[in-house]
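Chemist: my questions are about this predicted structure, shown below with the sequence.
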Amino acid sequence: MSTRIAFLKGHGTENDFVIIPDPENAVDLPPAAVAALCDRRAGIGGDGLLHVVRSAAHPEAKAMAAEAEWFMDYRNGDGSIAEMCGNGVRVFARYLQRAGHVTEGDLAVATRGGVKTVHIAKSAPGSGSAEGDVTVGMGKARLPEGDVTVSVGERSWPARNVNMGNPHAVAFVDDLAHAGSLFSPPPFSPASAYPDGVNVEFVVDRSPGHVALRVHERGAGETRSCGTGACAVAVAAARRDGADPAVTGTPVTYTVDVPGGTLVITEHPDGEIEMTGPAVIVAEGEIDADWLEATAS
């Protein structure tokens with residue numbers, strides 16, 4: 001292991017990540033080391049970790065190397081592997097831009113949920129920001145059949161099962177406080193609906209086409225934002241509201257407030273979903289390699 005391991009810290013609508021640039025996939029990151037890095041008291045702190053690797057250098061991404069040079073090897077804050085993270089992809093793209101690997105415009109990013117298309121916008125004049133928003137093509141939602149219920153304490157709600165490359169249960173509630181602390185995973189049934197766990201979104205309406213959510217992300221607890229969750233919520237809200245772009249031929253857009261900011265989600269007639277929001281790099285430095293190695297032993 002190298003004695004000098006670079007890291008950066010970034011966030012997308014306050015969903016925050018430790019970023020480890022490792023083009024040749026040379027840094028060993030077992031689950032215990034990832035969990036230590038994401039620890040908010042004893043480590044750097046983050047909801048998850050973005051391991052930045054060239055697709056050709058990672059066994060899980062080699063098949064995507066012709067489509068996307070870079071692979072987002074994403075890990076949850078507890079060290080477990082996740083298929084996809086929407087806010088993470090935006091921050092991943094912002095890191096590539098900062099490092100000079102890409103410029104404003106379009107790029108492709110390989111993930112365990114497939115190759116994602118990304119657009120880095122120019123900063124809008126007068127916006128006060130040096131960097132424009134990032135739009136990510138999140139793919140298509142799948143809506144598995146079957147009834148799902150989620151519970152908090154004595155309350156329970158029907159939930160919409162939406163898969164965005166990772167699983168979501170979307171429950172519409174009267175008050176976001178009904179979600180409780182969200183420190184522990186909200187119980188759901190039937191267990192067979194989500195054999196590998198689930199992200200649970202609790203949603204309230206703000207106005208037509210405008211909703212707000214709180215979310216428990218599996219492996220991370222309550223987070224300030226969840227990009228795939230915002231997409232799942234927009235799809236669930238559209239179907240609840242009787243809107244299906246595949247039927248009408250008209251795109252549907254929802255503004256989704258998350259605790260850390262606002263995301264704009266558009267579902268197109270072909271089923272493709274785009275998510276637009278900010279991505280910010282806030283710090284960079286070096287990890288003590290001896291400490292990191294000790295966490296894995």
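Modeler: Thanks, I have it. Residues are numbered from 1 along each chain as shown.
Chemist: helix/strand/coil for residue 230?
Modeler: Here residue 230 is recorded as helix under DSSP: H, G, I helix; E, B strand; the rest coil.
Chemist: and what of the one 5 residues further on?
Modeler: Under three-state DSSP, the three-state class of residue 235 is helix.
Chemist: what does the helix or strand harbouring residue 137 contact?
Modeler: For residue 137, the enclosing helix or strand under DSSP states H and E is strand 134-140. Strand 134-140 is contacted by residues 12, 86, 89-90, 93-94, 113-114, 116-121, 164-165, 227-228, 231, 271-279 when judged by C-beta atoms under 8 Å, 6 or more residues apart in numbering. Glycine gets a C-beta too; all of them are placed from N, C-alpha and C.
Chemist: that one: what's the following helix or strand?
Modeler: Assigned by DSSP H and E, the successor of strand 134-140 is strand 148-152.
Chemist: contact partners of the next helix or strand after that next one?
Modeler: Heading C-terminal from strand 148-152, the first helix or strand you meet, by DSSP H and E, is strand 155-163. Applying C-beta under 8 Å, 6+ apart, the contact partners of strand 155-163 are 141-144, 146-151, 167-173, 178, 188, 193, 200, 232, 235-236, 239-240.
Chemist: what does stretch 250-265 give?
Modeler: Stretch 250-265 has contacts (C-beta under 8 Å, 6+ apart) with 11, 13-15, 206, 209-215, 224-227, 230-231, 233-234, 237-238, 243, 245, 266-269, 273-278.
Chemist: okay, which residue is most central for the protein?
Modeler: Geometric centre of the chain, nearest residue: residue 85, 2.6 Å, by C-alpha atoms, centre = their mean.
Chemist: what residues does that one make contact with?
Modeler: Neighbours of residue 85 in contact, by C-beta under 8 Å, 6+ apart: 15, 48, 72, 74, 227-228.
Chemist: so can I have a markdown table of those showing distance to residue 6, neighbour count and pLDDT?
Modeler: Shown next, in a markdown table, are those (distance: C-beta to C-beta, whole Å; neighbours: other C-beta atoms under 10 Å; pLDDT from 0 to 100):
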| residue | distance to residue 6 | neighbour count | pLDDT |
| --- | --- | --- | --- |
| 15 | 22 | 31 | 92 |
| 48 | 18 | 26 | 94 |
| 72 | 17 | 26 | 98 |
| 74 | 18 | 22 | 96 |
| 227 | 25 | 27 | 92 |
| 228 | 27 | 33 | 91 |
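Chemist: in helices, which of those fall?
Modeler: 227-228 (DSSP state H).
Chemist: can you tell me which of the contacts of residue 85 is nearest residue 25?
Modeler: residue 72 (12.7 Å; C-beta to C-beta).
Chemist: bridging residues for the closest one?
Modeler: Per DSSP bridges, the residues bridged to residue 72 are residue 52.
Chemist: how close does it get to residue 223?
Modeler: Distance from residue 72 to residue 223, counting by C-beta to C-beta, to the nearest Å: 17 Å.
Chemist: which SS state does residue 33 fall under?
Modeler: Applying three-state DSSP: residue 33 is helix.
Chemist: do I have it right that it meets residue 297?
Modeler: No: using C-beta atoms under 8 Å, residue 33 is not in contact with residue 297; the gap is 9.6 Å.
Chemist: what about these two, which has more around it?
Modeler: residue 33 (24 against 7; other C-beta atoms under 10 Å).
Chemist: so where do the helices sit in the stretch 151-297 of the chain?
Modeler: For the stretch 151-297 of the chain, applying DSSP state H, counting those that start in this stretch gives helices covering 227-240, 245-248, 289-295.
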